[in-house]
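Q: Quick one, fold the following:
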Amino acid sequence: MNIDDKTQLRECTSCQMCGAVCPVDAISISLNEQGFYRPYINSEKCIDCGLCVKSCYKFDRLILHTQNYEGKRMFSAWAKDRSVVESTTSGGVADILASELVNKGYKCIGVEYDNVENRAVAKVASSKENIIPFRGSKYIQAYTECAFKELVKTQKNVKYAVFGLPCQIYALDRFLRTKGTRNNHLLIDLYCHGCPSLNLWDKYINEIIRKTDGRKVISANFRSKVRGWGNFYVEVVVEGKFQPVTYVSPRTDDPFYTMFFSDKILNDSCYSCKLRSTLEYTDIRLGDFWGNKFVSNHTGVSGVTVCSENGMKVFDSIKNKLNFEEQTFASFIPYQSYGKEYNCDKEIRDILLSQLADESIPLKTTVNTYKKSLPIKSRLVLEAKNIVKLLPNSLISSLKGIAYNLKN
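A: Numbering: from 1, shown residues only. Predicted coordinates:
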């Protein structure tokens, strides 16, 4: 039995753990036409050992659910070191954690941006210098197979701290439990909205490259704080004739985030994902502390959910480097994608994904196709949000506060 078995219950999450655990390298990972990582089986190599299935979300009938957050603790936190907060996406807690764990002898697996291939790639780091590229959120699927293979081969002798999405952490948790080494490692995941097609990012970054005369990308920040924390702006730095040139996405109608938040081009498994809505496979879950409590903060606040005894021990070890306060789950969870499912209009999704896969169709055309598919009320809401983005941050914060209060 392997992951191509037709008894699967759910769609592929693209975690790539199946390729990492295969003992005969019968599974390769590559992008499909829609822009999602998928495993491909070499039937001549496959020995039907079933190891891939044991770590696979698609076949698990007993996904654990978190009830009443019993045994879990919720904190708001940000680094005392201002430079860490400024150089990270939210409050810098992930960066502080990674530094502490490297000091404790862990190898850290995190995601960095490959500016040659313009891809997000999981890497293994064992020094503070090597964890710096992990800073910042990457709002695209990461290639993880090679890093996970290293963990699979050495997890009995090496301590790992892995930063990943709930689907990736789930697969690692299952694998490590089968090996009896789960408590030797630390798993840290993220409050996840879902992953869009990589074809969206390809078109987006290629348009930026064309706008800057085909210059090489130096770095990409998927959620820059250039206009303050709490906003969603892409910042890309490219080579210039005399000095680097910085591109910042427009305040309104940014095509990447318009399509990302449309929820129309997410991975198949994202629409009804059970893993983003359980805390049973991770030690710590991190996110941005959205909601009314920090609506006027424009520098960055992390939400830290401690889910295990090992997670609490590590969090205790970094408290001296943080400004933190214990919070209720009610002040945080309603503003995340936790517990939510998205409607999937398969017809419009197929059209949008087909357009994104076609290199001859401009990204703007796909955005217009999406907008035209919306009911009039939804179009008006979208335009109203664009108008709000043009206002000063202080006024935007006030309006967000009103919206949060109405939501409650």
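
Q: ok, and the closest non-adjacent residue to residue 249?
A: Leaving aside its chain neighbours, residue 249 sits nearest to residue 234 (4.3 Å; criterion: CB to CB, 6 or more residues apart in numbering). Every residue, glycine included, has its C-beta placed from N, CA and C.

Q: Surely the one you found and residue 260 touch.
A: No: between residue 234 and residue 260 there is no contact under CB atoms under 8 Å: 10.2 Å.

Q: where along this protein do the helices fall?
A: Using DSSP state H, the helices of the chain run over 17-21, 51-54, 82-86, 93-103, 128-131, 145-154, 166-179, 198-211, 255-260, 309-318, 346-357, 363-373, 376-389, 393-407.

Q: As JSON lines, those with distance to residue 302 would be great.
A: Shown next, in JSON lines, are these (distance: least, CB to CB, whole Å):
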{"stretch": "helix 17-21", "distance to residue 302": "26"}
{"stretch": "helix 51-54", "distance to residue 302": "33"}
{"stretch": "helix 82-86", "distance to residue 302": "9"}
{"stretch": "helix 93-103", "distance to residue 302": "4"}
{"stretch": "helix 128-131", "distance to residue 302": "16"}
{"stretch": "helix 145-154", "distance to residue 302": "23"}
{"stretch": "helix 166-179", "distance to residue 302": "17"}
{"stretch": "helix 198-211", "distance to residue 302": "25"}
{"stretch": "helix 255-260", "distance to residue 302": "21"}
{"stretch": "helix 309-318", "distance to residue 302": "11"}
{"stretch": "helix 346-357", "distance to residue 302": "32"}
{"stretch": "helix 363-373", "distance to residue 302": "31"}
{"stretch": "helix 376-389", "distance to residue 302": "23"}
{"stretch": "helix 393-407", "distance to residue 302": "18"}
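
Q: Looking at these, which is nearest to residue 229?
A: helix 82-86 (8.6 Å; CB to CB).

Q: Buried ones in that closest one, by neighbour count?
A: 84, 85 (16 or more other CB atoms under 10 Å).

Q: roughly how far is that helix from the heart of the chain?
A: When distances are taken as CA atoms, centre = their mean, to the nearest Å, helix 82-86 is centred 21 Å away from the chain's centroid.

Q: coming back round to it: neighbours around the residue nearest to residue 249, how many?
A: Each residue near residue 234 was counted by other CB atoms under 10 Å, and the total is 23.

Q: Distance from the chain centre to the helix or strand of the chain with the lowest mean pLDDT, please.
A: Sorting the helices and strands of the chain by mean pLDDT, DSSP states H and E puts helix 393-407 at the bottom, at a mean of 84. In this view, helix 393-407 has its centroid 25 Å away from the chain centroid, taken as CA atoms, centre = their mean.

Q: Please shift the residue numbers so they start at 34 in all later answers.
A: All right, first residue 34 from here; so that's helix 426-440.

Q: Can you tell me which helices and strands it packs against?
A: Helix 426-440 is packed against helix 409-422, with contacts defined by 3 or more CB pairs under 8 Å, 6 or more residues apart in numbering; DSSP states H and E.

Q: What helices and strands are in contact with the helix it packs on?
A: Using 3+ CB pairs under 8 Å, 6+ apart: helix 409-422 touches helix 426-440.

Q: between the helix it packs on and helix 409-422, how many degrees?
A: Going by axes from the mean of the first three to the mean of the last three CA atoms, to 10 degrees, helix 426-440 is angled at 140 degrees with respect to helix 409-422.

Q: what's helix 426-440 in contact with?
A: 260-261, 263-264, 324-325, 328-329, 331, 367-368, 421-422, 424 (CB atoms under 8 Å, 6 or more residues apart in numbering).

Q: list the buried ones in the least confident helix or strand of the chain?
A: So, applying 16+ other CB under 10 Å, buried residues of helix 426-440: 429, 430, 433, 437.

Q: Could you do stretch 129-140 as well?
A: Under the neighbour-count criterion of 16+ other CB under 10 Å, stretch 129-140 has 129, 130, 131, 132, 133, 134, 135, 139, 140 buried.

Q: and what of stretch 259-268?
A: The neighbour-count check on stretch 259-268 (16+ other CB under 10 Å) flags 260, 261, 262, 263, 264, 265, 266, 267, 268 as buried.

Q: next one: stretch 397-412
A: For stretch 397-412, a neighbour-count test (16+ other CB under 10 Å) marks 399, 400, 403, 406 as buried.

Q: quick one, what contacts the residue nearest to the second one when sequence neighbours are not counted?
A: Spelled out, that is residue 400. Using CB to CB, 6+ apart and skipping the chain neighbours, the partner closest in space to residue 400 is residue 288 (5.0 Å). By CB under 8 Å, 6+ apart, the contact set of residue 288 is 237, 396, 397, 399, 400.

Q: quick one: stretch 45-61 to chain centroid distance?
A: Put simply, stretch 45-61 sits 20 Å off its chain's centre (CA atoms, centre = their mean).

Q: end-to-end on that stretch?
A: 14 Å (CA to CA, to the nearest Å).

Q: Quick check: buried residues in it?
A: Buried residues in stretch 45-61, counted by 16+ other CB under 10 Å: 45-55, 59-60.

Q: likewise stretch 312-327?
A: Within stretch 312-327, the residues scored as buried using 16+ other CB under 10 Å are 312-327.

Q: Show the end-to-end separation of it, please.
A: Using CA to CA, the end-to-end distance of stretch 312-327 comes to 23 Å.

Q: now do stretch 419-429
A: When the termini of stretch 419-429 are compared using CA to CA, they are 11 Å apart.

Q: next one: it to chain centre, how far?
A: How far stretch 419-429 lies from its chain's middle: 26 Å, per CA atoms, centre = their mean.

Q: How about stretch 334-351?
A: The chain centroid and the centroid of stretch 334-351 are separated by 19 Å under CA atoms, centre = their mean.

Q: again, but for stretch 384-404
A: For stretch 384-404, the distance to the chain centre is 23 Å (CA atoms, centre = their mean).

Q: Tell me the confidence at residue 441?
A: Note on residue 441: pLDDT of 65.

Q: correction: residue 244
A: Residue 244 is given a pLDDT of 84.

Q: unless I'm mixing things up, it is touching residue 280, no?
A: Yes: taking contacts as CB under 8 Å, residue 244 lies within contact range of residue 280: 7.0 Å.
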